[in-house]
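Asker: turn this into a model:
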Amino acid sequence: MPRMTKEEREILEAFERGTLKRPRNRSVQLEKHRVYAAETFRKDQRVNVRISGRDLDALRKRALREGIPYQTLIASVLHKYVEGQLKPDEQVMAEHK
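Answerer: This next block holds a predicted model:
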């Protein structure tokens, strides 16, 4: 399981105990988070990148296995990286030292 913040652990524990309560202004909170989600995934910029044919083939194969378009896979990987959710493999990093 990925690392959780203190707040996330408290929420999970409350859920597991059955004591988690809905916020008073649930509909307002839901709408606010819908807007956040829409803005997060809004694609409003284009970028052109040259990569090796071998890497592109590997990306296309991986995307096919995942059942998503390869451009979506690339965008997802980049998004996870900039959000700090994608960490370099420690073994690979050790090999490059």
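Asker: grab the most central residue of the protein for me.
Answerer: Against the mean C-alpha coordinate of the chain, by C-alpha atoms, centre = their mean, the closest residue is residue 80 at 4.6 Å.
Asker: helix or strand for the closest residue to that one other than its chain neighbours, which one?
Answerer: Once flanking residues are discounted, residue 80 sits nearest to residue 86: 4.0 Å by C-beta to C-beta, 6 or more residues apart in numbering. Where C-beta positions appear, they are placed from N, C-alpha and C, glycine not excepted. Using DSSP states H and E, residue 86 sits in no helix or strand.
Asker: quick one: residue 86 and residue 76 touch, right?
Answerer: No - assessed by C-beta atoms under 8 Å, residue 86 is found out of contact with residue 76, at 9.4 Å.
Asker: of these two, who's got more company?
Answerer: A direct count of neighbours by other C-beta atoms under 10 Å for residue 86 and residue 76 places residue 76 higher, at 15 against 12.
Asker: how much space is there between the more buried one and residue 69?
Answerer: In this structure, residue 76 and residue 69 are 10 Å apart, going by C-beta to C-beta, to the nearest Å.
Asker: next one: residue 56
Answerer: 13 Å.
Asker: and what of residue 22?
Answerer: Distance, residue 22 to residue 69, by C-beta to C-beta: 36 Å.
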